[in-house]
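Novice: What follows is a protein structure lacking sequence information:
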């Protein structure tokens with residue numbers, strides 16, 4: 001976290017410190033970081049809730065790789081019936097594969113239609 005945000009020679013710096021992502025001063029102390037976040041649960045990594053926000057106690061959580069993988073700048077989110085979910089979350093809740101939704105979008109379907117039409121085989 002600190003290296004990506006502070007060391008310009010880090011290979012990931014451009015996606016973190018290079019675009020203004022910072023670590024709060026409080027977390028200069030590992031003890032305070034640990035007090036705020038607790039120990040890392042097995043199978044989890046540190047995730048920023050708002051991917052454009054800083055590393056702060058209010059903006060960080062321990063997440064599984066699946067949750068973190070859905071929380072990226074390039075993640076496609078679709079709002080349907082007042083609910084916003086990632087393509088993966090919509091696919092999961094509809095019982096279809098994410099590539100079905102991506103295929104629909106690439107064919108020009110509106111995002112709303114892409115997640116409101118469930119194939120008969122998925123019902």
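Specialist: Here it is on my side, so go on. All values derive from a computational prediction rather than experimental measurement.
Novice: after the lowest-mean-pLDDT helix or strand in the chain comes which helix or strand?
Specialist: Using mean pLDDT, DSSP states H and E, the weakest-scoring helix or strand in the chain turns out to be helix 65-69, at a mean of 87. Sequence-wise, the next helix or strand downstream of helix 65-69 (DSSP states H and E) is strand 77-80.
Novice: how far out from the middle of the chain is that next one?
Specialist: On the basis of C-alpha atoms, centre = their mean, to the nearest Å, strand 77-80 sits 15 Å off its chain's mean C-alpha point.
Novice: Same check on stretch 97-110?
Specialist: Worked out by C-alpha atoms, centre = their mean, stretch 97-110 lies 20 Å from the chain centre.
Novice: and for it, what are the contacting residues?
Specialist: For stretch 97-110, the surrounding residues in contact (C-beta atoms under 8 Å, 6 or more residues apart in numbering) are 76, 78, 87, 88, 90, 91, 111, 113, 114, 115, 117, 119. C-beta coordinates here come from the backbone N, C-alpha and C atoms, glycine included.
Novice: The chain: strands as residue ranges?
Specialist: If you assign secondary structure with DSSP state E, the strands in the chain sit at 44-48, 60-64, 77-80, 83-86.
Novice: Format these as TSV; extra columns: mean neighbour count and mean pLDDT.
Specialist: Listed next are those as TSV, based on neighbours: other C-beta atoms under 10 Å; pLDDT from 0 to 100:
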stretch	mean neighbour count	mean pLDDT
strand 44-48	16	96
strand 60-64	17	97
strand 77-80	14	92
strand 83-86	14	91
